[in-house]
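S.K.: Okay, predicted coordinates and the sequence, questions at the end:
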Amino acid sequence: MSLNISTPHDRQDTIRDLAIDAERARSAPLSDAQQLKTIAHIKQLLESQNAVLVAHYYVDAILQDLAEETGGFVGDSLEMARFGLNSDADTVIVAGVRFMGETAKILSPEKRVLMIETRAECSLDLACPADDFNQFCDQHPDRTVVVYANTSAEVKARADWVATSSIALDLVKHLSDKGEKILWAPDKFLGAYVQKETGADMVLWQGSCIVHEDFKATALQALKQHKPDAKVLVHPESPGPVIALADVVGSTTQIINAARDMDADTFIVATERGIFHKMQQVAPGKTFIAAPNAGEGAMCESCAECPWMKMNDLPRLEHTLETGSNEITIDETVMQQAARSITRMVEFNARDKAP
Ligand code: 13P
Ligand code: SF4
């Protein structure tokens, strides 16, 4: 069974307005000379502050490279959180969006966690305010509450479990096999995909990612016919008809690994376009084509670019390090409650991966 609740229209409008604001707030590009100077200064500051840069695959390639060159890390949202846990740095700088910074802080409360840009939101997080979510949970007291990582610390504090796209299927299957009924939030597409694959009894919050919801199945089908040898890689925040055309559905790391490991030369990729940088690094010589996302009804202000991920840039990183600004702080009680549901996810994942 799958029930839905609606996200109010005015909230959708606010989210789209915030996305447009983020798009407009991008910094002006640096000249090559400015870029070199800024990178050298950032490296110096990272070292002197015993700080590490942890980046998501969707941020600008230059930040991904800088993270790796300076002993930091690039990964999917679960791996980013785990990296902070195991690192002995005093400060973690998150190149990503706010929920990633909050998760890093919750798992490593003794560390200073700084965001490059505090206005870096996520439409899924914005679509699920804690007050409304608490009411929704109160209406379904018999259900196990599983929330996607792309949520605020307050929403995670209410949850029994947190899940990222890399483990959502396994986790919900595990809970459903034990006879548990699930309340899932906030991504309606990922929720519907998990429901379809596992047959679990789920009620779904109706949030969506403004980037992935714009991928178009009809145009993708046409592209597949034009490129019959290409394999299709899809992030599960995409609409169901797009997922149905996929050869592989998975988290950012899972689809990067598929691009490297699959016996194909050409891939059509339905996720944020920042991922192409890592795909080209791990599978040089292969061809990657962006899945179609324009067309009638598409928002496509940024065409497969997350406007919030793209707020992360070199000048803002330099400023954060110089001033120590943008520190993540979370209410102590919220932090302790959210730590419970996040830690369960990390432990479930470790157990699942155990030989
Ligand atoms: P991953 O967990 O696959 O990295 O996804 C995070 C995200 O925000 C996708 O839009
Ligand atoms: Fe959120 Fe979508 Fe951006 Fe990922 S790509 S951070 S889900 S808005």
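M.R.: Received the coordinates, thanks. Numbers count the residues shown, from 1 in each chain. Ligands and ions are numbered 1, 2, ... in the order given.

S.K.: Chain neighbours aside, what residue packs nearest to the residue of the stretch 151-300 of the chain found nearest ligand 1?
M.R.: Of all residues in the stretch 151-300 of the chain, Ser251 sits closest to ligand 1, with a separation of 3.3 Å (Cβ to the nearest ligand atom). C-betas here are computed from N, CA, C, even on glycine. Residue nearest to Ser251 in three dimensions, not counting chain neighbours: Ser166, with 3.7 Å by Cβ to Cβ, 6 or more residues apart in numbering.

S.K.: The residue of the stretch 151-300 of the chain closest to ligand 1 is in contact with His235, isn't it?
M.R.: Yes. Ser251 is in contact with His235 according to Cβ atoms under 8 Å; the separation is 7.3 Å.

S.K.: Now for the two: what residues contact both?
M.R.: A shared contact of Ser251 and His235, defined by Cβ atoms under 8 Å, 6 or more residues apart in numbering, is any residue touching both; here these are Ser165.

S.K.: between these two, who's got more neighbours?
M.R.: It is His235, of Ser251 and His235, that has more neighbours when counted by other Cβ atoms under 10 Å, with 28 against 23.

S.K.: pLDDT wise, what is the closest residue to the more buried one other than its chain neighbours at?
M.R.: Spatially, and ignoring its direct neighbours in sequence, His235 is nearest to Thr271 (3.9 Å; Cβ to Cβ, 6+ apart). Confidence per residue is given as pLDDT, and for Thr271 that number is 97.

S.K.: From Val242, how far out is Thr271?
M.R.: In this view, Thr271 and Val242 are 11 Å apart by Cβ to Cβ, to the nearest Å.

S.K.: what sits in contact with each of the two?
M.R.: Contact criterion Cβ under 8 Å, 6+ apart; residues shared by Thr271 and Val242: Val234.

S.K.: tell me the contacts of the nearest residue to Arg344 once chain neighbours are set aside?
M.R.: For Arg344, ignoring the flanking residues on the chain, the nearest one in space by Cβ to Cβ, 6+ apart is Trp161 at 5.6 Å. Residues near Trp161 by Cβ under 8 Å, 6+ apart: Thr144, Val145, Val146, Val147, Leu171, Leu175, Ser341, Arg344, Met345, Phe348.

S.K.: Perfect, I'm done here.
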